[in-house]
Every structure is written in structure tokens, then in C-alpha cells.
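Asks: Predicted model and sequence follow; I will ask about them next.
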Amino acid sequence: MITNLTPDTWRDLQTEVGRILEQCGFSVEIEKKAATARGRVELDVYAEETIKGRKYSIACECKHWKANVPQTIIHGFRTVVSDLGCNIGYIITTSDFQSGSLAASEMTNVELMTWENFQNKFFESWYEEYFSPSIAKELDPILTYSEPILPKWFSKMTSEEKDTYYELKDKYDAFGWIVMMFTPYARMVGNKEIPTLPLISRLRVTDDLKKNIPTKILNETGYKQFMEHCIEFGNIAISEFRVLRDKYI
């Protein structure tokens, strides 16, 4: 799951849908106004990408409803998607769909999705295009400090500072190893599978691991929140190493 949070309002839902598509590489417009043969319409989210000169467009209708979405909504949206020539249309809801709605979308280019279904649909693209590069970019220094090769400025430090450096490595090496699993570097060396969350279900959790890795990182199930926790913790770790580094650079 990209996020384990449900948007609070309709506007939040369309904003989150747009953000995910943008992070997947699409050019996105929220509340796009467009002209059709039947008049002007407003799309909650419109997304477009061009691959090898070919345009691919998506129209999204977002429903933050408690009641299930009826088939009349599908019929109207299907017409809009067709008139605009979009490749596909998604109706995304925080509730579900009436049985007639499912029948109305069959054999069309309109797909019905819950908020969870939408996230699952775009998860892999989001992970590869946004999550993995972002966590590598933000936390690249901690990956460097976790390597066995010592930095050039290490030799300039006092014995006491070197002891402090090794203490920091002991404290943050496990975190650096965890971060590495989620970066593009991991896939370069053959680890093609996306690591699953929560980490606590896939790692051998020792006392040292629990002592050095925040519980919220080990227990998080949403990848967006996991990245935020890692960056927050990683910036603390990086700043501690840089106290030593900045004396010599």
C-alpha cells in the first residue's frame, strides 16, 4: 500500500490521486476544464504521459462517498471519457460500487476502483519512479557512512573522534543496510523484488535492531509513511556524522 491513510474529503482524494499519478511520471491537472461535443466538462484529475512520442491520457472521477456509487455515474463518465478521447477513465471511490455499476463498466475503457485498488494499480510505477529514487537521494550520505570503506577525512581525526565515528557506525549500520534494500542500487545487483512492509515481519528482530531502529520504522505498513520516517531518522544520523566531517572539510 502506498499509504495506509484514507483521504478525509473529496478534495483530499483528488489531490492524493493526482499526486500519485504525478509521482509516477504523469503530467497532471486537477479540476481540468475541457470542451466536448456535448459542452464543457470538469475532470477531477487529468493525467497525461508521452512514451516514445505516443500520448497516453487518463481521466479520473473521485467520489468520497459513504454510499456505493450507482450506475448513472458510470454512464455519464463513460460518455465524457469517450468524447475526450482518453485512453482510460478511472472512477475512484472511498466506498464501493453498486452491482449495476460493475455491469455498466464492462467492455468499456472505464475502470472502477476503490482507493485501495487505485494504489495497488500504480504501486509498482510509484515505487520505481518516485519512492526508490527519493529515498536514495535523501539518504545517500548514510549509505556512504555505512560502507566498510572509511572516508578520506577519517585519517585526520583524533583517536577520540575515531572512536566516536566507530560508535556511530555501530549505531547506524543496520539502518543503512535497511535503506539500501529500497534503493535502485539493490535492483542493480539483482534484488528485483520490492521489499515488503512491515519490516518487523521479514527481519530477524534482535535487541540491537530494536535499540537502533525506531519502532515506527519497523512497524510501518504504508510506504509513503515509511519513507518519511526513514528520512526523518536518517537526517538525524547524517547530522551526527557531519559533526565530525565538518571539522575537516
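Replies: That came in fine, so what should we check first?

Asks: can you pull out the helices in this protein?
Replies: 10-23, 71-84, 99-105, 115-126, 132-146, 159-181, 184-188, 207-212, 215-219, 223-245 (DSSP state H).

Asks: now those helices as TSV including distance to Tyr56, mean neighbour count and mean pLDDT?
Replies: Yep, even glycine has a C-beta here, placed from its N, CA and C like the rest. Shown next, in TSV, are these (distance: least, Cβ to Cβ, whole Å; neighbours: other Cβ atoms under 10 Å; pLDDT from 0 to 100):
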stretch	distance to Tyr56	mean neighbour count	mean pLDDT
helix 10-23	11	20	97
helix 71-84	13	18	94
helix 99-105	20	16	91
helix 115-126	12	17	97
helix 132-146	21	18	93
helix 159-181	31	16	94
helix 184-188	24	13	83
helix 207-212	43	12	83
helix 215-219	36	16	95
helix 223-245	24	18	96
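
Asks: Ok, which of the ones you listed comes nearest Glu61?
Replies: helix 71-84 (5.0 Å; Cβ to Cβ).

Asks: and that closest one, what does it pack onto?
Replies: strand 27-36, strand 39-51, strand 54-63, strand 88-93, helix 99-105, strand 110-114 (3 or more Cβ pairs under 8 Å, 6 or more residues apart in numbering; DSSP states H and E).

Asks: Quick check: which of those has the most neighbours on average?
Replies: Stretch with highest mean neighbour count among these: strand 88-93 (a mean of 23; mean count of other Cβ atoms under 10 Å).

Asks: coming back round to it: and of the helices of the chain, who's closest to Ala35?
Replies: Using Cβ to Cβ, the helices of the chain put helix 71-84 closest to Ala35, at 9.1 Å.

Asks: how far off strand 88-93 does the closest one point, in degrees?
Replies: Per axes from the mean of the first three to the mean of the last three Cα atoms, to 10 degrees, the angle that helix 71-84 makes with strand 88-93 is 150 degrees.
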